[in-house]
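[1] got a predicted structure plus its sequence, pasted below:
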Amino acid sequence: MREIIQYSDSDIIQGILNGETKLYELLIRRYNPYLYKVGRSQAYNHEDTQDLMQDTYVDAFVGLSKFEDRSTFKTWLVKIMLNNCFRKRQKWSFKNITHGEINERSTPVFSEYQRLETNQAVMNRELNSVIENALLQIPIGYRMVFTLQEVNGLKGKEVAEVLNISEANVKVRLNRAKAMLRKEVEKSYSSEDIFEFNLIYCDGMVERVMDKIRQLDL
């Protein structure tokens with residue numbers, strides 16, 4: 001754990017670009033919780049979220065030489081994860097989802113996705129269902145702002161960059177998101193309790209990603 005904290009993202013990335021591929025494991029362990037929360041906030045189940053995380057890490061590794069320090073690595077990685085989530089949703093042809101603007105009349109994704117949930121036991125262990133249900137009833141534009149800022153700890157500027165909206169819009173959406181959540185839920189649970197990537201899955205994710213990277217023909 002000390003090793004993960006000791007090195008900055010820039011140090012690790014430079015080492016990877018210099019041929020120390022194994023250092024990528026540090027980035028995977030560092031950002032597993034963030035990507036997991038993003039995937040679950042998009043209403044993907046545990047298994048699909050892990051698949052999306054794997055794809056995101058591999059995509060990021062392949063494009064690592066193109067990463068520029070104009071944004072943080074975390075912001076860049078979350079953007080890749082969101083793009084993968086959107087592509088998967090388009091592939092599945094979810095109904096009533098608009099990406100460019102918030103559709104107040106759209107059906108919450110969760111109501112459609114419930115039928116696709118194949119492992120309720122895992123979900124129950126990993127999430128508090130009360131908070132999850134409350135968040136997933138919020139239109140996705142508001143939900144993502146809340147998740148990125150309140151759960152993942154991104155700053156307003158970073159959220160604006162990830163979602164390609166203004167910082168003022170971030171503040172408006174965050175306030176509206178909080179207003180939409182039931183008061184009793186906000187009083188009973190902390191934001192950190194919403195979506196958690198259990199440490200028992202961390203080694204497995206590292207193994208999956210590093211195995212995929214070893215298979216790459218770069």
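    The structure has been received and is ready for your questions. None of the values given here were measured: they were computed from a predicted structure.
[2] and the helices in this structure?
    Shown for the chain, the helices assigned by DSSP state H span residues 2-6, 9-17, 24-41, 46-62, 73-92, 109-113, 120-126, 129-136, 140-146, 156-163, 167-180, 183-188, 202-215.
[3] how deep is the nearest residue to M210 once chain neighbours are set aside tucked in, by neighbour count?
    Leaving aside its sequence neighbours, M210 sits nearest to E25 (C-beta to C-beta, 6 or more residues apart in numbering; 6.2 Å). (Glycine included, C-beta is placed from N, CA and C.) For E25, the count of nearby residues is 20 (other C-beta atoms under 10 Å).
[4] was I right about E25 contacting V206?
    Yes. Assessed by C-beta atoms under 8 Å, E25 is found in contact with V206 at 5.2 Å.
[5] E196: which of the helices of the chain is closest?
    helix 120-126 (6.2 Å; C-beta to C-beta).
[6] poorly predicted segments of this structure, please.
    Low-confidence segments of the chain (pLDDT under 70): 1-5, 92-131, 182-195, 199-200, 217-218.
[7] OK, contacts around the residue nearest in space to the middle of it?
    The residue lying closest to the centre of the chain (C-alpha atoms, centre = their mean) is V38, at 2.1 Å. Shown in contact with V38 (C-beta atoms under 8 Å, 6 or more residues apart in numbering): 78, 81-82, 85, 147-148, 152.
[8] return the distance of the residue nearest to M210 relative to S8.
    Taking C-beta to C-beta, to the nearest Å as the measure, E25 and S8 are separated by 16 Å.
[9] the residue lying closest to Y57 once chain neighbours are set aside - how many residues pack around it?
    Of all residues not flanking Y57 in the chain, V209 sits nearest, at 4.4 Å (C-beta to C-beta, 6+ apart). Close neighbours of V209, defined as other C-beta under 10 Å, add up to 23.
[10] OK, contacts around V209?
    24, 28, 54, 57-58, 61.
[11] can you name the two of those residues that sit furthest apart?
    Y24 and Q54 (12.6 Å).
[12] looking at the two, which is more packed in?
    Comparing Y24 with Q54 by other C-beta under 10 Å, the one with more neighbours is Y24, at 21 against 18.
[13] quick one: A43 and L135 touch, right?
    No. Counting by C-beta under 8 Å, A43 does not reach L135; the two are 9.6 Å apart.
[14] show me the contacts for the nearest residue to T72 once chain neighbours are set aside.
    If the residues on either side of it in the chain are set aside, T72 comes closest to E158, at 6.7 Å by C-beta to C-beta, 6+ apart. E158 is in contact with 71-72, 74-75, 148, counting by C-beta under 8 Å, 6+ apart.
[15] with F146 instead?
    135, 138, 173-174, 177-178.
[16] try R143
    Contacts for R143 (C-beta under 8 Å, 6+ apart) come out as 41, 135-136, 177.
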